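**Q** Model the following, please.
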Amino acid sequence: MLNSYSSADKALLAVDCIIFGFDNQGLKILLIKRDFEPEKGKWSLIGGFLKRDEVLDNAATRILNTYTGLNDIYMEQLYAYSEIDRDPVERTISVSYYALINIENHNAELIKNYHAQWFSITDAPNLIFDHNEMVEHAIRRLRYRTSIKPIGFELLPEKFTMRQLLELYEAILSKELDKRNFISKINSLEILNKLDEKDMGSSRKGSYLYTFNKEKYEEKLLNDFVLNL
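**A** The predicted structure is shown next:
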């Protein structure tokens, strides 16, 4: 019967977060060493269970804040994973999110307390359950989004050079980009503010610093356009 809630099968609903960061060494992912069974001592995505009074987005926000100390994070819901035996303890369905954060801004003490660690995408350890699959899906989505939309600025410091922006996009897309073509396309979006300041550590002449124009940036995200990197 459709109204027979009491006799329906029950399942746990988990939220797993693929947290990407970026530094001068490339694109990274934040992982946690699991401190309970099953798979105790192995590496895992950061996650938790949905509470009765939460919607999924709020659960993901709570989990991200708990482990990084950050709010107002760019995140996007990915997929639901419902293989019957994906969790050996309980029938658990997981909804994955990916998030972009600036490594410099997160609470390093919080991460240390939770035994979490940043890993290069290329050197990340094997993960529990179906978390490797979740990461693969997240990387594919991030690369697709980055190739057509101006996202990823959350991974950079507030002031950045054009070279840093180029290196970020190359790290995400895992390919070398033509510098002149990249700069031309980014400038055509009119989402950067060029500052009078220079980063003198990059060369003798220095490199101009930029900030991104949040208003125009969000406008571009809402509009239907293609970056084609």
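**Q** Quick check: closest non-adjacent residue to His115.
**A** Among residues not flanking His115 along the chain, Lys33 sits closest, at 4.6 Å (Cβ to Cβ, 6 or more residues apart in numbering). All C-beta spots, glycine's among them, are computed from the backbone N, C-alpha and C.
**Q** Hmm, Ile46 is touching Leu30, no?
**A** Yes - using Cβ atoms under 8 Å, Ile46 and Leu30 qualify as a contacting pair, with a distance of 6.4 Å.
**Q** Can you name the element that comes right after the longest strand along the chain?
**A** Criterion DSSP state E: the longest strand present in the chain is strand 12-23. As assigned by DSSP states H and E, the chain's next helix or strand after strand 12-23 is strand 26-33.
**Q** Can you give the distance from the next helix or strand after that next one to the centre of its chain?
**A** Following strand 26-33 in sequence order, the next helix or strand is strand 43-44 (DSSP H and E). Here the centre of strand 43-44 is set off from its chain's centre by 16 Å, with Cα atoms, centre = their mean, to the nearest Å.
**Q** I'd like to know which elements strand 43-44 is packed against.
**A** With contacts defined as 3 or more Cβ pairs under 8 Å, 6 or more residues apart in numbering; DSSP states H and E, strand 43-44 has these neighbours: strand 26-33.
**Q** Partner strands of the strand it packs on and their direction?
**A** Strand 26-33 has its sheet partners listed here by DSSP bridges as strand 12-23 (antiparallel), strand 43-44 (antiparallel), strand 116-120 (antiparallel).
**Q** Looking at the ones you listed, which is nearest to Ile191?
**A** Distance to Ile191, taken as Cβ to Cβ, is lowest for strand 12-23 among those, at 17.9 Å.
**Q** Just the C-alpha atoms of that closest one, please, in CSV.
**A** This file holds the C-alpha atoms of strand 12-23, laid out as CSV (Å, rounded to 0.1, in the frame of the first residue of the first chain):
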residue,chain,number,x,y,z
LEU,A,12,20.5,5.6,6.0
LEU,A,13,21.3,8.7,3.9
ALA,A,14,24.9,9.9,3.9
VAL,A,15,26.5,13.0,2.5
ASP,A,16,30.1,12.7,1.2
CYS,A,17,32.2,15.8,0.2
ILE,A,18,35.0,15.9,-2.3
ILE,A,19,36.9,19.0,-1.2
PHE,A,20,39.3,20.4,-3.8
GLY,A,21,42.0,23.0,-3.0
PHE,A,22,44.9,24.5,-4.9
ASP,A,23,48.4,25.7,-4.1
